[in-house]
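Student: Following is a predicted model, sequence given first.
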2 protein chains.
Amino acid sequence: MMLKTNDCGILTKEHVGQTVVLNGWVQGWRDFGGLLFIDLRDRTGIVQIVFNPEISKEALELGSRARNEYVLAVTGKIVERDPETYNANLATGEIEVQVTEVEVINAAKTPPFPIEDGVEVDESLRLKYRYLDLRRPEMQKTLRLRSKATKVFRDFLDENGFIDVETPILTLSTPEGARDYLVPSRVHPGEFFALPQSPQLFKQLLMIGGLERYYQVARCFRDEDLRADRQPEFTQVDIETSFLSQEQLLGMMEQLMARLFRETIGVDIPTPFQRLTYHDAIHKYGSDKPDLRFGLEIEDVTDIVKGSDVKVFASVAAAGGVVKALNAKGCASWSRKELDDLQPFAARYGGKGIAWITVKEGKWNGPIVKFFKPEEIAALTERLNVEEGDLLTFSADKLKTAADVMGNLRLKVGRELGLIDNNAYKFLWVVDFPLLGWDEEAKRFVAEHHPFTRPNDEDLALFDSDPGAIRAQAYDIVLNGYEVGGGSMRIYRRDVQEQMFKALGFSLEEAKEKFGFFLDAFEYGTPPHGGIAFGLDRLVMLLTGRTNLRETIAFPKTASATDLLCDAPSPVAERQLEDLHIRLSAKAVAAQAKNAAPEAQPSDETESQG
Amino acid sequence: MMLKTNDCGILTKEHVGQTVVLNGWVQGWRDFGGLLFIDLRDRTGIVQIVFNPEISKEALELGSRARNEYVLAVTGKIVERDPETYNANLATGEIEVQVTEVEVINAAKTPPFPIEDGVEVDESLRLKYRYLDLRRPEMQKTLRLRSKATKVFRDFLDENGFIDVETPILTLSTPEGARDYLVPSRVHPGEFFALPQSPQLFKQLLMIGGLERYYQVARCFRDEDLRADRQPEFTQVDIETSFLSQEQLLGMMEQLMARLFRETIGVDIPTPFQRLTYHDAIHKYGSDKPDLRFGLEIEDVTDIVKGSDVKVFASVAAAGGVVKALNAKGCASWSRKELDDLQPFAARYGGKGIAWITVKEGKWNGPIVKFFKPEEIAALTERLNVEEGDLLTFSADKLKTAADVMGNLRLKVGRELGLIDNNAYKFLWVVDFPLLGWDEEAKRFVAEHHPFTRPNDEDLALFDSDPGAIRAQAYDIVLNGYEVGGGSMRIYRRDVQEQMFKALGFSLEEAKEKFGFFLDAFEYGTPPHGGIAFGLDRLVMLLTGRTNLRETIAFPKTASATDLLCDAPSPVAERQLEDLHIRLSAKAVAAQAKNAAPEAQPSDETESQG
């Protein structure tokens, strides 16, 4: 076999006169004027190769058998094309290869979709034939960028003294958190490993173990109902440090992000990043992961309208709720239908509705205008900076709901007004998350992050008076409206840990039962520590301008946690289950019987996937 | 809290006069002459800090409360020690830190074993308190070297155009190979994912997908009965390439190994590595992973003794077996007991015995000597280079058994004679493995590597005449008697694949049923490809001079696949099993009931582990 001496896609006029061997796939072919032209593709790109009967009849004859996706090896001479036939669409467009010898290394069936960018093809077909999908230049580019991004992470962390440590995949099921994937043990009948939702316990144990700086590009698993932007297995860049303050850690991570964006996509990210408290994020942007590529801040007008004759405003305010307002600048021209659509829009986020006012020809219009007193109008005009052509919108509800409704309306308006610069990368830290949230069902506080998250030092006194007001030393890193990472400083003082458990409503004994060996570890000299984890899949999605996590993963799963390529999960042999000391439930047996019925029929999994 | 400005272990006379903040653990303490001396340890090493009442009474008082493994923050000035008190055992031994301020960050219970190298402590205790074990300098050093080794792999592969691609952990159960770990699916009742034994299918699919050069530091899983050098989850550096010859790939991997050893332990490894065929490895060294740090080759003497009056030699030779001989140079002085012990030694490797001859004062001694004819003695003398003081040993058996017995005897003699240089690193490639092995039970050929391994081109004709003689384009990389990696070129031609299936005894239809989607992929333009995987755990073991894989893994499992630290696997809630559509078998239920009986008793898992 003739093995390549050169890559296809990087041949230029500098190579003219050289004889090279190329290996690649047939991207396309055409006969013209007695010659055969083939576009030969490898991972670097495409080059045109020419079969000329005057150079080799034999090669022409062999080459003529090739069809799309055949694998060829060719020997040939690089020649410059006639300038009139330069192809500006190809990096190699000024040259071509005059073939002297060809070998058909492999044939190919006609692929189920064309191997080129921008094909309109059902995603399930692409996933089933992922090995063909991966040949498309945009997929290759994405995987290459992902590899590069991982490398930048590693290089930066390595240079800063972090040690890459692998933690177990076969580990312990934790009673808290999302649903675990379980793995039955053959050696220990009736016992199970769990796949880690994150290396949280192990990273903290490594700090107790004195490593001081740890990182891992870690596979994590959550058996949750999947959304478009979730995968049952995903990758996080997991980081933990000892003896660093939150500010030191955040500053270091800013440098890491700046380097990542510079070295992968050549974008300079200014540091330090903006910091926004959780409180301000919710109040001003209606979200704990606000998109700050545009302004359009939400205002609180509860104080102005609490005595209003707009009954819903007054009653919500009286009940401890809020009235949030967003001035959709210049949207007074929205159609009646668009305004009507605000009601189902609000409902989607749990809201009861959105009140609106249009400002046209100096006049306020809308169902609620007549209830406003002149001084309320004056105050709103000032607070919302009301101008001709504006659309004023209001949501009156509990803070969480009103914020959610207005936050999503802000995104919708921002998009529709074209306020969002798609080439901008706007990072921020959201800090001072609440430590505890009230669980209405359990009638007790629960940890918002986890029970080992460190409270703000100045809030410790609130454990006795107002635990719900305690802020955590927890932080999220947000980019363009996506949470791309998050973490916290961890509790290391025993007295604080005990206060935390008390606030969560369990005794130290109960805590020991719940957190077992992990609490023991805390008694042997725990250093102050804290960390962060970045979602690699999502970061790569943002770096490549994709909108779907599956595009960033070589072999992803569908929304029903299925691998369409290898058709996993699948039934297994009875003997395997016996070895593992488990049996199928009645429901599973019934499901299997049903699946087995239409034997020899191809699975219609492909069609049923979105 | 006072956060560190400097690391402990790298302070030298150059720092004298500086005021620093240090954070670390108390390694030890002593009062002397009214002063308190504490050895403070962080991950960089140890420095002596001194509490002097003339500098700060308060600091001395606080410092006096510290015990081993307390976490301290101290501020102090670096001063040179009196040269008489230099401590040559410490890198920081010429200086000490005069403490002006101290903060006890955390207390510690007395650890169950001292935090220092070379402690004699039961491994199960070390594993249970792994977070303390990891504080020991040799564990820190091992993890740091492992991190560095991984980095060298990545850097080299990155520079050579390899793309790091993550493949699924939740994947398909394969009917062949070792036992799979299974993961029940919640969404698909009765179906299971399997954890990958290696990314074999995916790496080949990536080549079909046109990536050309792939690597991954991949976690792999095998639910096998564990030996000292096996772990249920292990890490391999997985590599696959397209359009490279075996020689090109092996040459590149030699450069990789040379760089790994140079950059981690500063050892220069000469390239190219020696190549040894599987045939020669078995015949000359009795092993497919020979330790070539010493000679002591095994000789085949079947031709000399086949007509011998030593009945066992003659009968074995007549039955198609072999007589293998090893001259244990200078071992004629072995005691009678040592010679007698050769019989159980042989039995350990399936042999019937080892015949021996000592050469003393020019005379051959031993039970079989009298049966030899003079010409046989002459021929053996020449073949085995017999000299005064030698011990001649013989194993007559089937090739595999005789080779195994003699190969292990060779290692034993090499060790006892001190022939092995512990500072030598002797790499070699074992090549030309057989493609097929005869399965006596199934009465058919089975793939020695896997059914996609490429036969040697010149052996293709043997498919029809003598399939057992076909050599595979498969190779192992061996270091000092350990297999540290292995791989093969893969079949890419359909006709060869069909010949292979035929040799394995199944039709193309049966093959499709068995290998499903993977065979489909081969029909869309498969490039010639091949790869290798290195065992990272074992390489790190050899790089650090350890003899146990567990020492190279932060959180390893025991020989019974148990994590003693977090006590995994463990029972799970009934509700979790219901979600996953499985039930425990009767045996598992019984086992659980038995385990639950001695409630509130600590598990004796710790004691029962080796």
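Tutor: Yes, it's here.
Student: what stretches of chain A score poorly on pLDDT?
Tutor: For chain A, the stretches with pLDDT under 70 are A:175-177, A:227-228, A:596-610.
Student: hey, which helix is longest across it?
Tutor: helix A:137-159 (DSSP state H).
Student: C-terminal to that one, what's the next element?
Tutor: strand A:163-164 (DSSP states H and E).
Student: Give me the helices and strands touching that following strand, please.
Tutor: Applying 3 or more CB pairs under 8 Å, 6 or more residues apart in numbering or on different chains; DSSP states H and E, one finds that strand A:163-164 makes contact with helix A:137-159, strand A:213-221, helix B:137-159. The way it works is simple: take the backbone N, C-alpha and C, and place the C-beta from them, glycine included.
Student: Deepest in the core, which of those is it.
Tutor: A comparison of the helices and strands packed on strand A:163-164 by mean neighbour count, using mean count of other CB atoms under 10 Å in any protein chain shown, puts strand A:213-221 on top with a mean of 22.
Student: what angle separates the following helix or strand past it from helix A:137-159?
Tutor: Counting by DSSP H and E, the next helix or strand C-terminal to strand A:213-221 is strand A:233-242. For strand A:233-242 against helix A:137-159, the angle by axes from the mean of the first three to the mean of the last three CA atoms, to 10 degrees is 20 degrees.
Student: Determine how far strand A:233-242 lies from the middle of the whole chain.
Tutor: 15 Å (CA atoms, centre = their mean, to the nearest Å).
Student: for it, packing partners?
Tutor: helix A:137-159, helix A:200-208, strand A:213-221, strand A:529-535, helix A:536-543.
Student: neighbouring contacts of the fourth one?
Tutor: Contacts of strand A:529-535 from elsewhere in the structure, counted by CB atoms under 8 Å, 6 or more residues apart in numbering or on different chains, are A:153, A:198, A:203-204, A:207, A:214, A:218, A:234-244, A:246, A:249, A:253, A:454, A:473, A:475, A:477, A:483-490, A:492.
Student: Would you list the buried entries among those?
Tutor: A:153, A:198, A:203-204, A:207, A:214, A:218, A:234-244, A:246, A:249, A:253, A:454, A:473, A:475, A:477, A:484-490, A:492 (16 or more other CB atoms under 10 Å in any protein chain shown).
Student: wait, A:Glu101 sits on A:Leu60?
Tutor: No - using CB atoms under 8 Å, A:Glu101 makes no contact with A:Leu60, being 11.3 Å away.
Student: From A:Glu69, how far off is A:Cys8?
Tutor: For A:Cys8, the distance to A:Glu69 equals 15 Å [CB to CB, to the nearest Å].
Student: Start and end of stretch A:276-293, how far apart?
Tutor: Chord length of stretch A:276-293, first to last residue, is 14 Å (CA to CA, to the nearest Å).
Student: got it, and stretch A:389-404?
Tutor: 25 Å.
Student: And it, how far out from the chain middle?
Tutor: Going by CA atoms, centre = their mean, where stretch A:389-404 is centred and where its chain is centred differ by 28 Å.
Student: Check which residues of it are buried.
Tutor: Buried residues in stretch A:389-404, counted by 16+ other CB under 10 Å: A:390-397, A:399, A:401-404.
Student: Apart from its neighbours in sequence, what residue is nearest A:Pro272?
Tutor: Closest residue in space to A:Pro272, ignoring its immediate chain neighbours: A:Glu254 at 5.7 Å, by CB to CB, 6 or more residues apart in numbering or on different chains.
Student: ok, now A:Gly505?
Tutor: Nearest to A:Gly505 is A:Arg444, by CB to CB, 6+ apart, at 4.3 Å.
Student: same deal with A:Asp42?
Tutor: A:Gly24 (4.0 Å).
Student: What is the three-state secondary structure of that neighbour?
Tutor: strand (DSSP: H, G, I helix; E, B strand; the rest coil).
Student: Please list all residues in contact with the residue of the stretch 401-550 of chain A found nearest chain B.
Tutor: Closest to chain B within the stretch 401-550 of chain A is A:Gly525: 3.5 Å, counting by CB to the nearest CB. Counting by CB under 8 Å, 6+ apart, A:Gly525 makes contact with A:208, B:25, B:69-71, B:106-108.
Student: Let's see that with 6 Å instead.
Tutor: Contacts for A:Gly525 (CB atoms under 6 Å, 6 or more residues apart in numbering or on different chains) come out as B:25, B:69-71, B:106, B:108.
Student: picking that back up, what's the longest helix of chain A packed up against?
Tutor: helix A:246-265, strand B:163-164 (3 or more CB pairs under 6 Å, 6 or more residues apart in numbering or on different chains; DSSP states H and E).
Student: looking at these, which is buried most?
Tutor: strand B:163-164 (a mean of 22).
Student: Next one: the residue nearest to A:Asn52 when sequence neighbours are not counted from A:Ala511, what distance?
Tutor: Using CB to CB, 6+ apart and skipping the chain neighbours, the partner closest in space to A:Asn52 is A:Leu35 (5.5 Å). The gap separating A:Leu35 from A:Ala511 is 80 Å, by CB to CB.
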